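Undergrad: Any chance you could fold what I've pasted below:
(chains A and B)
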Amino acid sequence: MSMKRTLLGIATSIVAVLALVTTTAAWAESLPQPQGKPLLQVSGQIKSKNAGEGAVFDLAMLEGLGRTKLVTSTAWTEGRPEFEGVLLSKLMERLGASGATMVAIALNDYKVEIPTADFAKYPVILAYRMDGELLRIRDKGPLWIIYPQDDHPELKNKQTQAKWVWQVKEVQFK
Amino acid sequence: MISLRELAWLMLRYGVLVVGFCAFLVGVFFIFQGLIQQRELIEKESRINIWFLAQTEIEFLRFQDSLKDYELAPNPETAEVARQRFEIFWSRLPPLLEGTQTAELRAIEGVVPTAKEIIQVLKTVESEMEDLQSVPLDALTKVKRQLNTLGGPVHDLVRRALLYESNEVSRGRSRHNELYQQLLGLFGLTLVMGLVIFFMLFRQIVKTHRAIGDKERAATQAITARNELELAINSISEGFIIYDQDDRVALFNKRYVDLHPQQADLLCVGISFEELLRAAVRNGGVTVREGGVDEWVASILEQRRATAETTFESRLSDGHWLRISERRTSDGRLVGVHTDITELKKRESLVAQKSELLQTTLDNMKQGIAVFDAAANLVLFNNQYLMVNHYPQELVDNSIAYREFATFAARRGDFGPGEPEAIVNSQVAAIEELLRTRSGNLRQQRRLQDGRVVETVVTALPTGGFVKTYEDVTERITSEAERVRLTEMYHAAQKTQALGTLAGGIAHDFNNIIGGIIGNCSLMIEDVPKHDPAHGRLQQILDSGTRARDLVRQILTYSRNAESERKPLDLGATVTDSLSTLRSLMPGNVTLRAHNVENCFIEGDATQIHQVMLNVCVNAAQSIGDRRGRVTVSVQSIDVVGAKPSEGRRDRSWEGRSVHGRAGTLVDGQYVRLTVTDTGCGIPEEVMPRIFEPFYTTKEVGQGTGLGLAAVHGIVRNHDGVVVIESLAEVGTRFDFYFPQILVPLTASAGEAPKEPAEEGSERVLLVDDDRVLLSVTREILERLGYMVEAHVEPEQALESFNSDPNAWDLVITDRSMPKMTGEELVIAMKKIRDDVPVLMLSGFVSIEDIERLTAAGIDSVIGKPVLPDELAASVRTVLGRASSDTRTTAEPVPDLTA
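TA: Sure thing, here's the model as predicted:
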């Protein structure tokens, strides 16, 4: 397992480096301060910052990173709702984030470590809308990490299921 | 047992199987491990679901706490926290109604209604929670009460879940345990089965391996056996070949090729016998008439098929002989063994030649030979074996055992009288004893019924068995007897010779002594008047002297050294003369008669014949003794054929009882037989062999000299005659004298010696004698007859006197044996002076040979000493008369004194 993890780490690092190279111009721009209600806090190994050592995003900023829609079934909902959010890869790109692991922290302080390689491999999004509606806390919002499990059946497993973190309030790259 | 190497090979070959089986076990092990993990996961999942509900309850409690915090310090922050906690709590409820993740929870009875119920309550307070700061305190309290009512349902959710999980986990665990046990059982069963299968497989492998090993060993042994067989076959001295069921060569050895060099190029495994036959015809090994090869081959093959076993001898074109033995095996092959018997054939031929030579040699031997083996069975014999024993051919055709031959001979009486079986047993036992000791030999003589004597000699052979020779020794036995007789005669002759030598040696001296006595006595008788008493005594002295002289003469006669004057003689007339003289000598009780006296001529000496008659007839009369008896004399001409007289006068009543004696050997021819038969007491058997022995006498001392028949023997021998005596005790004795007959007398009057009267003379006589007495007596006798005598004791003086006037002497009378000069030397010397001087020699010992020599020396006559006056006068007168007639007619031949 550790070997596998190491291999995945190496692969992720390579992808990250490539992404870094291609997005040098993007993260070089300074991150604006959030105008609306802060929705997400980012810390850890990032280059673009707007709040001390970290970065804070409001909905507009997240939406400004590009809106990505993803229709998929989930283990927690009926049917196949349409999610809208920012690609975590885009987010990392915008932040100039590095690190093999992204720690997602929920409102109830629940933490899950997610390999950043997943974001290069799959269009994993940080959803803020479901079926066009902003996610409320009661709807597992404000941010919900969504994996494209219908498009990639190999993701339908318990390990991946654990990475579907609700009510994300903060992410850390390390 | 499997060796380590084989085991290693086995493990290597079947290691894969072992590894596979181990992998299977490992797989099963990991399946178990997976099961255990799954079980843990199930329990974990269960716990997650429970945790979800528990977290819902926790979020409810946190919401309550946040609400309390707001109540204690109502501000926007605590209001926001409370609202956020409200939202979070709410967010825990919808998943209980939808989504696959919580489907299991929904299955728990009461969860969905409770969740809906809670959501419903939450909806009632939603507006207040949205704007909490605007909610009055009492309203908040109402909200709180409403929310407090949710504590029970929320906890009930957890409780229900816990209960459910407990049941499910228990059920799942038991299901797992069951499955686990089943799997464990299956694993155990699989393991056991695997082990059993592995064990069986291993056993099977070992068996297979062992079988393969056995097979390989068997194959190796088969190869080794075949190699050894080939080696053995190639090592044997016989040619060896095997044909298969199709009559093709399957195997052959080098020796076979050596024995058949003409097949060497062609011979190979697989070639058919027929091809070999045809090849033999092609290369000239077999000669077959042209065009008849196929027929010949077919006949050979047919004969070969029909014969299961055969042995024959074959001569190859190169001269070698082979003994070919062929035998068909039970599976239809044909095994041929070819043995080179060339040497054997040569030996057989040699043996046959030697056997033939041996048989020829045996058949040409004088002896009969029979060879018997250790079991006393006849194995070899020659023709003489049958001939000597008079065995019929059928006997050897039908019998081989020695006992049968002995039985045949015993029954025929060859072994003499007795029980045949006992005789045979004795014979066989003697041979068995000889065979046991294997030393020496067994010699037997048996007289067969036909009179033949057969000598058998059994000699044990060193190799066992014995050889028996049969020899007809009848002739040898006869010859042996004859040889004994001849030996005895030889000894007698030697004795006679010795006696003669002795007699001859002393006769001279005796004769001189006797001559002196007789001469002087004769002169004295003339001088003494007849009436004088001395005259009678002188006459007795003269008679005694005369007997003494006769005795000396008989001695000399017996020793064949006496002079003999053999002339053609009518034996019948001579015997008749003797009879007339003898009759006066016979006593009164004995009748002497002549019977069948023929006039037959022999070459003989009348005096000696008289001597024979005298001696034999006197003996005959003495054997009659005082009884009345008869002596019969006959003279006959006889033909002797087969050493037996053609006819005789033998009394048949004497047959088988009489005693026989013999001197000399009769050969075929014409004989004159003088027979003297008496009716006396006969000659005892023990006396007969010695009857002619000198000085052997049965008479009392003084009555016989023992020289009578010895002298007769000498006389007969002198006449080349034979004496045969046959005598029967108390019946009589018969003497047969056989003298060679001469058919034509040389001179009719030769036997009649002219009686010269004692004439007187006046011639001059030169007398020589070394004995003075005799010289004196002889001189006196001659002078009384009127002769003029000059006497000399020394021959030299006489020769000197003769030399002085050789022609003065009319006669020379000389002694023969003188010390300084012998009579012969003297006469020779005188004859050189005067060749025609008559010579009369006096000798006491004159043999026939002497007479021949003396005649050659020119001596006219020889007279034996002692000589009586009348005899001397007659001899002198005869010589002088012959000399005077010689003077008258010198052409007349001198009579041969030795004739």
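
Undergrad: For the rest of this, base every contact and every neighbour count on C-alpha atoms.
TA: Fine.

Undergrad: Show the pLDDT at the spatially most central residue of chain A.
TA: For chain A, the residue nearest the mean C-alpha position is residue A:88 (3.5 Å; CA atoms, centre = their mean). As predicted, residue A:88 sits at a pLDDT of 90.

Undergrad: before we move on, what about residue B:373?
TA: Residue B:373 is given a pLDDT of 88.

Undergrad: That one: what's it in contact with?
TA: Each residue near residue B:373 by CA atoms under 8 Å, 6 or more residues apart in numbering or on different chains is listed here: B:379, B:464, B:465, B:466.

Undergrad: What is the burial count for the last one?
TA: Around residue B:466 there are 26 other residues, counting by other CA atoms under 10 Å in any protein chain shown.

Undergrad: and it, how far is that from chain A?
TA: As judged by CA to the nearest CA, to the nearest Å, residue B:466 and chain A stand 117 Å apart.

Undergrad: so that residue bridges to which residues?
TA: residue B:372, residue B:460 (DSSP bridges).

Undergrad: Could you pull out the helices in chain A for me?
TA: For chain A, the helices defined by DSSP state H cover A:2-22, A:24-28, A:59-64, A:88-95, A:117-121, A:158-162.

Undergrad: Which positions in the fifth one come out as buried?
TA: This means helix A:117-121. A:117, A:118, A:119, A:120 (16 or more other CA atoms under 10 Å in any protein chain shown).

Undergrad: from these, which is closest to chain B?
TA: Distance to chain B across these (CA to the nearest CA) is lowest for residue A:118, with 21.8 Å.

Undergrad: Leaving out the residues flanking it, which one is nearest to that closest one?
TA: Spatially, and ignoring its direct neighbours in sequence, residue A:118 is nearest to residue A:124 (7.3 Å; CA to CA, 6 or more residues apart in numbering or on different chains).

Undergrad: what sits against the one you found?
TA: A:87, A:88, A:89, A:118, A:145, A:146, A:147, A:148.

Undergrad: Wait, the third one touches residue A:117, no?
TA: No. Look at residue A:89 against residue A:117 with CA atoms under 8 Å: they stay out of range, at 9.2 Å.

Undergrad: interface residues of chain A facing chain B?
TA: With CA under 8 Å from any CA of the partner chain as the criterion, chain A comes near chain B at residues A:74, A:75, A:76, A:77, A:78, A:136, A:137, A:138, A:139, A:140.

Undergrad: Would you write a ChimeraX line that selects the buried entries of those residues?
TA: This is the ChimeraX syntax for the buried subset of the residues of chain A next to chain B, where burial follows 16+ other CA under 10 Å:
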select /A:74,75,76,77,136,137,138,139,140
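
Undergrad: burial count for the residue in the stretch 251-400 of chain B positioned nearest to chain A?
TA: Minimum separation of the stretch 251-400 of chain B from chain A (CA to the nearest CA) falls at residue B:269, amounting to 74.9 Å. By the measure other CA under 10 Å, the count of residues near residue B:269 is 14.

Undergrad: What separation do you get for it and residue B:449?
TA: 76 Å (CA to CA, to the nearest Å).

Undergrad: Likewise for residue B:188?
TA: On the measure of CA to CA, residue B:188 and residue B:449 end up 118 Å apart.

Undergrad: Please apply the same query to residue B:710.
TA: 40 Å.

Undergrad: Mind checking which of the two has more residues around it?
TA: For residue B:710 versus residue B:449, neighbours defined as other CA under 10 Å are more numerous around residue B:710 (25 against 12).

Undergrad: Going along the chain from the helix or strand hosting that one, find the next helix or strand for me.
TA: Per DSSP states H and E: residue B:710 is located in helix B:708-718. Proceeding N to C from helix B:708-718, the next assigned helix or strand is strand B:722-728, under DSSP H and E.

Undergrad: So which elements touch the following helix or strand past that following strand?
TA: Sequence-wise, the next helix or strand downstream of strand B:722-728 (DSSP H and E) is strand B:732-740. Here strand B:732-740 touches strand B:601-604, strand B:669-678, strand B:722-728, going by 3 or more CA pairs under 8 Å, 6 or more residues apart in numbering or on different chains; DSSP states H and E.

Undergrad: Could you give the average pLDDT over the helix or strand following strand B:732-740?
TA: For strand B:732-740, the following helix or strand on the C-terminal side (DSSP H and E) is strand B:764-768. The average pLDDT within strand B:764-768 is 91.

Undergrad: related to what we said a few turns ago, just the CA trace of the helix holding residue B:710, in PDB.
TA: This file holds the C-alpha atoms of helix B:708-718, laid out as PDB (Å, rounded to 0.1, in the frame of the first residue of the first chain):
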ATOM      1  CA  GLY B 708      75.700-153.200 -21.200                       C
ATOM      2  CA  LEU B 709      72.800-151.200 -22.400                       C
ATOM      3  CA  ALA B 710      74.900-148.000 -22.400                       C
ATOM      4  CA  ALA B 711      77.200-149.700 -24.900                       C
ATOM      5  CA  VAL B 712      74.200-150.800 -26.900                       C
ATOM      6  CA  HIS B 713      73.000-147.300 -26.900                       C
ATOM      7  CA  GLY B 714      76.300-146.100 -28.100                       C
ATOM      8  CA  ILE B 715      76.400-148.700 -30.900                       C
ATOM      9  CA  VAL B 716      72.900-148.000 -32.100                       C
ATOM     10  CA  ARG B 717      73.700-144.300 -32.100                       C
ATOM     11  CA  ASN B 718      76.900-145.100 -34.000                       C
END
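
Undergrad: now the angle from that helix to strand B:732-740?
TA: Interaxial angle, helix B:708-718 versus strand B:732-740 (axes from the mean of the first three to the mean of the last three CA atoms, to 10 degrees): 20 degrees.

Undergrad: Quick one: the strands in the stretch 201-350 of chain B, in order.
TA: B:239-243, B:249-252, B:309-315, B:321-328, B:334-340 (DSSP state E, counting those that start in this stretch).

Undergrad: between those strands, which gets the lowest average pLDDT?
TA: Looking at these, the weakest mean confidence is strand B:309-315, a mean of 86.

Undergrad: With distance to chain A added, can I get the helices and strands packed on strand B:732-740 in CSV?
TA: What follows is these, written out as CSV (distance: least, CA to the nearest CA, whole Å):
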stretch, distance to chain A
strand B:601-604, 172
strand B:669-678, 162
strand B:722-728, 163
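
Undergrad: Adding distance to residue B:790 and mean pLDDT, write those strands out as JSON lines.
TA: Below are the helices and strands packed on strand B:732-740 laid out as JSON lines (distance: least, CA to CA, whole Å; pLDDT from 0 to 100):
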{"stretch": "strand B:601-604", "distance to residue B:790": "37", "mean pLDDT": "85"}
{"stretch": "strand B:669-678", "distance to residue B:790": "48", "mean pLDDT": "89"}
{"stretch": "strand B:722-728", "distance to residue B:790": "48", "mean pLDDT": "88"}
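
Undergrad: Residue A:47 is nearest to which of the ones you listed?
TA: Across the helices and strands packed on strand B:732-740, residue A:47 has its closest neighbour in strand B:669-678 (189.0 Å, CA to CA).

Undergrad: I am finished for the moment; much appreciated.
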